[in-house]
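> Curious how this folds, go ahead:
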Amino acid sequence: MKKFLVLAWIALIAVACAPAPTPVPTAAPPTVAPKPAATQPPAATAVPPTAAPTVSLLDAAKKEGKLMIYTSLNAEEFDKVLAPFAKKYPEIKVEFFRGSSEDVTQKALTEFRANTHIADIVETTDVNIVQLLSVGVTGKYLSPETKAYPASAYDAEGAYAAERLNLVVMAYNTNLVKPGDAPKKIEDLLEPKWAGKIALEADDWPMMAYTQKVMGEAKSKDFWTKLAAQKPRVVKGHTELANFLVAGEFHVTPNVYAHRVLSLQDKKAPIEMVKTDTAYAFPHVIAITKNAKNPNAAKVFIDWYLSVEGQESLVAAGRIPLRPGIKTKPEGLLAGFANIFYGDPQTLLKAGDVQKEYQVLFGIK
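Model (predicted):
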C-alpha cells in the first residue's frame, strides 16, 4: 500500500511539473474586403488559382452531356469563347442561341411563361437581367470563382455574376468634328452648337440611373432635361449607333461602346472616343435558369467562364473581361479615365421610375 501511494505521489508531481501544452491558434475570421468605391475600377490584384470543378459535379455534368446557352455575344465572338471550353470539356456539347440582349431576354421570358424550358444559361446585360430576376426566370448558383471579383459584381445569393463589361464612352465623327472642337465631358453636349447633332441609344436609361449616383440626383436630372432640349436622335442598338455615327448621320454621342470604337478604328472609320472624367461600365451578367435541364453542365460552364481561362477567352473575342488581373486588348484600355463607374443590377432594380423618365424625355415608346 505504501508503495502504491508513493508511486501515485510521484505521478502527481510529474503532471504538475510538466510544461503546459501550447494552445493551438484558432483561425482568424475571414476579413471581408471593403467594397471598392463606386467611381473606382476594381483593383487589379494577383490572380488567384482557378478552382477545378469537384469530381461529383464534373461527373454529373458529363452525364448530362449537353448545354444550351442564350447569349448576346455575336456568333463569331462566342465561337472563340467556346473553343477552349470544348477542348477542356469535350464531353459537354454546347449549343447556343445568339441575339441582341433584348432578343435573348424576350426569348427566355416567353419560354418561361409558356412553361417551355430550353435555356440552361442566360447571358445578357444588367438592364435585361432585371426583367428576368423580377419574373423568376433565373435560378441561383454562387460560383467559387466570384471570390476573385469585387463584391458589386455578383449577387451574394447567386442570382447572377457579372463577367464582362461594356465601357460606354462619348465619341464623335472625325470628319465632322475637329479634335479641338470635340466635347471634353458630357456636360459640354449642352452647348448650343450641339443642338440637333447628338444621338442617344434607346435603351440606355441605366446611364441616367448611374449618373444620379455620380452627379447626385438633382444635378443628374438637370443634365438630362437640358440634353433632351437639344433634340437628340434616338437609335435602337449600340452597334447601329456606332455605325450611324461613322456614316455621318450625326456628330457625337455620349453612349457608344468603347470596343465598337476600336473595332471601327481598325477599319479606318472616322471615329474617336473621348476619355471623359467619368466613364460608365455596363456589366453583362451570366445566370443559371431556374428550370435548367442541365444544371450541372451549366455550373461547370459558369465556373469556367468566370475563371482566368474563360475571361482570357473573352479578351481573344475582343471583349472587356470584368475579372481583376486580366489584361485587356489593347492593354490599358481602361486607363486614361479619372473614374469608371461600375454599374450593377441591384441599382437598376430600384430605378424603374428612371426608365420611364428617360423614355418620356426622349420620346421613346
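> For the rest of this, base every contact and every neighbour count on C-alpha atoms.
Noted.
> nearest residue to Ala171 other than its sequence neighbours?
Met273 (4.1 Å; CA to CA, 6 or more residues apart in numbering).
> in the stretch 51-200 of the chain, which segments are predicted with low confidence?
The model of the stretch 51-200 of the chain has pLDDT under 70 over residues 51-52.
> ok, now with 50
Judged against pLDDT under 50, the stretch 51-200 of the chain has no low-scoring part.
> mind giving me the domain ranges of the protein?
55-163+284-330, 167-280+356-361 (automatic domain parsing).
> Would you mind putting these into TSV with distance to Phe337 and mean neighbour count alongside?
As requested, those are exported to TSV (distance: least, CA to CA, whole Å; neighbours: other CA atoms under 10 Å):
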stretch	distance to Phe337	mean neighbour count
domain 55-163+284-330	15	20
domain 167-280+356-361	6	18
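> Mind putting those domains into JSON lines with distance to Gly343?
Formatted as JSON lines, the domains of the chain follow (distance: least, CA to CA, whole Å):
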{"stretch": "domain 55-163+284-330", "distance to Gly343": "8"}
{"stretch": "domain 167-280+356-361", "distance to Gly343": "7"}
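> now for those, which one comes closest to Tyr342?
domain 167-280+356-361 (6.3 Å; CA to CA).
> Need the contact partners of the helix or strand hosting the residue nearest to Ala171.
In this structure, Met273 sits in strand 271-274 according to DSSP states H and E. Applying CA atoms under 8 Å, 6 or more residues apart in numbering, the contact partners of strand 271-274 are 169-174, 183-185, 245-246, 258, 261, 264-265.
> Repeat that for stretch 235-251.
172-173, 175-177, 197-203, 252-253, 256-257, 260-261, 269-271.
> Check stretch 287-294 too.
61, 64, 66-67, 117-123, 136-141, 159-161, 295, 298-299, 302.
> Nearest to Ala338 among the domains of the chain would be which one?
domain 167-280+356-361 (4.9 Å).
> May I have the distance across that closest one, first residue to last?
Start and end residues of domain 167-280+356-361 are separated by 24 Å (CA to CA, to the nearest Å).
> And it, how far out from the chain middle?
Counting by CA atoms, centre = their mean, to the nearest Å, domain 167-280+356-361 is centred 21 Å from the centre of its parent chain.
> please renumber so the chain begins at 45
Noted, 45 is the first residue going forward, which turns the last one into domain 211-324+400-405.
> Give the helix, strand or coil label for Glu135.
Three-state assignment for Glu135 (DSSP: H, G, I helix; E, B strand; the rest coil): coil.
> Off-centre distance for the lengthiest strand in the chain?
When the chain is scanned for its longest strand (criterion: DSSP state E), the result is strand 205-217. For strand 205-217, the separation from the chain centroid amounts to 10 Å (computed by CA atoms, centre = their mean).
> can you check stretch 376-387 too?
14 Å.
> and Leu101, that one's in a helix?
Yes. Counting by three-state DSSP, Leu101 is part of a helix.
> mind listing what the strand holding Met317 pairs with, with the direction of each?
strand 205-217 (antiparallel) (DSSP bridges).
> I'd like the next helix or strand past the strand it pairs with.
strand 243-245.
> Show me what that following strand is in contact with.
Strand 243-245 is contacted from outside by 276-282, 285, 294, 296-300, using CA under 8 Å, 6+ apart.
> Relative to Asp147, which of those is nearest.
For the contacts of strand 243-245, the nearest to Asp147 is Gly281 (11.5 Å; CA to CA).
> Ramachandran coordinates for that closest one?
Dihedral angles of Gly281 (phi, psi; degrees, to the nearest 10) stand at phi 100, psi 130.
> From Ser351, how far out is it?
The gap separating Gly281 from Ser351 is 29 Å, by CA to CA.
> what do you get for Gly369?
Distance from Gly369 to Ser351, by CA to CA: 11 Å.
> need the helices for the protein, in chain order.
Residue ranges of the helices in the chain, as given by DSSP state H, are 46-61, 99-108, 119-132, 145-157, 170-179, 249-259, 261-272, 282-290, 302-310, 339-350, 352-360, 389-393, 396-405.
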